[in-house]
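Chemist: Predicted model and sequence below, questions to follow.
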Amino acid sequence: MYRNYIFDLYGTLIDIRTDEYSKNFYKKYAKWLRKQGFSFEWKLFYRLYVSTEHAYREHAAKQGIFAKAEINVDNVFRDVFAARGCRLSDEEITYLGENFRRLSLLYMCLYPDAIACLDALKKAGKRVYLLSNAQRSFTWKELLETGLVAYFDGILLSSDEGCMKPDPEFYNICCKRYGLDKTRCIMIGNELKSDMAGASAAGIDGFFINRSPVFHKRETSLYKYVSEKGSLMEVIRQTGIQ
């Protein structure tokens, strides 16, 4: 019987679409920046942001500390604005990151059965954790707005830990921090190459939430359970809670 349920966030609990790589987004963000008193032409901001982010990711990978290293984009924002002579506080950087996300957001909502699933787990006395490849400055406000924070006994975001799925160390950090027995843990996610592969490498059972229109059964499975139609309530039914 599982005691600990570890969830992915985007694509599993939250349906989201963003546009942070388009020309139109950078034009919109640069316009917003000018209203905040920062003089940035969109092409300049784009070049600085993309090149700085790439440099941080390249450096993190070369450090070799983790198999799949992660960065904190707050550092990217700090360097981009420093290049224009702006020294920003942590609060200002968070604000810039939150609005970067807000302006790039095309669509976001909870999947219809997300709260029902989490609520059922909590009522059954289970421990619930979040393990997300996400930037805190982008994600924390969304966790609060969707009401998800209250359901978790622990929240791990990749930007805080320096590594991301499918690195098994991300799962190990979660288990060590909260004293979890891996044999009583299950990872619930919608990505085979990230959520399921990482859980399998860490020695944790996986529950695959199929979000694609069609389910293609694999001969060699990375997961123990699957919801072929993408229903989170199958987590409740198949793991024997109801």
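Modeler: Received the coordinates, thanks.
Chemist: average model confidence for the strand or helix carrying Glu91?
Modeler: Taking DSSP states H and E as the definition, Glu91 sits inside helix 90-104. Across helix 90-104, pLDDT averages out at 96.
Chemist: Could you pull out the helices in this protein for me?
Modeler: Listed in chain order, the helices of the chain (DSSP state H) span 23-35, 42-63, 73-82, 90-104, 114-123, 136-145, 158-161, 168-178, 197-202, 233-238.
Chemist: Please identify which of those helices is closest to Asp15.
Modeler: Asp15 sits nearest to helix 114-123 of all the helices of the chain, at 9.2 Å, using CB to CB. Heads up, the C-betas are built off the backbone N, CA and C, glycines and all.
Chemist: Output the contacting helices and strands for that closest one.
Modeler: The helices and strands touching helix 114-123, judged by 3 or more CB pairs under 8 Å, 6 or more residues apart in numbering; DSSP states H and E, are strand 127-132, helix 233-238.
Chemist: Give me the residues contacting it.
Modeler: Surrounding helix 114-123, the residues in contact under the criterion CB atoms under 8 Å, 6 or more residues apart in numbering are 5, 7, 13-14, 128, 147-148, 151, 232-233, 235-236, 241-242.
Chemist: mind listing what's buried in it?
Modeler: Of all the residues in helix 114-123, those buried under the rule 16 or more other CB atoms under 10 Å are Ala114, Ile115, Cys117, Leu118, Ala120, Leu121, Lys122.
Chemist: possible to save those residues as CSV with pLDDT?
Modeler: What follows is the buried residues of helix 114-123, written out as CSV (pLDDT from 0 to 100):
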residue, pLDDT
Ala114, 98
Ile115, 98
Cys117, 98
Leu118, 98
Ala120, 97
Leu121, 98
Lys122, 97
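Chemist: any weak-confidence spans in the chain?
Modeler: Of all residues in the chain, those with pLDDT under 70 make up the ranges 219, 242.
Chemist: now do 80
Modeler: 218-220, 242 (pLDDT under 80).
Chemist: Please list all residues in contact with Leu232.
Modeler: Taking CB under 8 Å, 6+ apart as the criterion, Leu232 is in contact with Thr12, Leu13, Tyr111, Asp113, Ala114, Ala116, Cys117, Ile188, Ile209.
Chemist: separation between the second one and Cys117?
Modeler: The reference is to Leu13. In this view, Leu13 and Cys117 are 8 Å apart by CB to CB, to the nearest Å.
Chemist: likewise the last one?
Modeler: Ile209 sits at a distance of 10 Å from Cys117 (criterion: CB to CB).
Chemist: quick one: common contacting residues for those two?
Modeler: Both Ile209 and Cys117 are contacted by Leu232, Val235, under the criterion CB under 8 Å, 6+ apart.
Chemist: still on that earlier bit, now, of the helices of the chain, which is deepest in the fold?
Modeler: When neighbours are counted by mean count of other CB atoms under 10 Å, the highest per-stretch mean among the helices of the chain falls to helix 197-202, a mean of 23.
Chemist: Tell me how far it lies from the chain's centre.
Modeler: Averaging C-alpha positions (CA atoms, centre = their mean, to the nearest Å) puts helix 197-202 16 Å from its chain's average.
Chemist: Name the residues that touch that helix?
Modeler: Counting by CB under 8 Å, 6+ apart, the neighbours of helix 197-202 from elsewhere in the structure are 6, 165-168, 170-172, 175, 182, 187, 189, 205-206, 222-223.
Chemist: Span of stretch 105-119 from start to end?
Modeler: As for stretch 105-119, its first-to-last residue distance stands at 27 Å under the measure CA to CA, to the nearest Å.
Chemist: Right, I'll leave it there.
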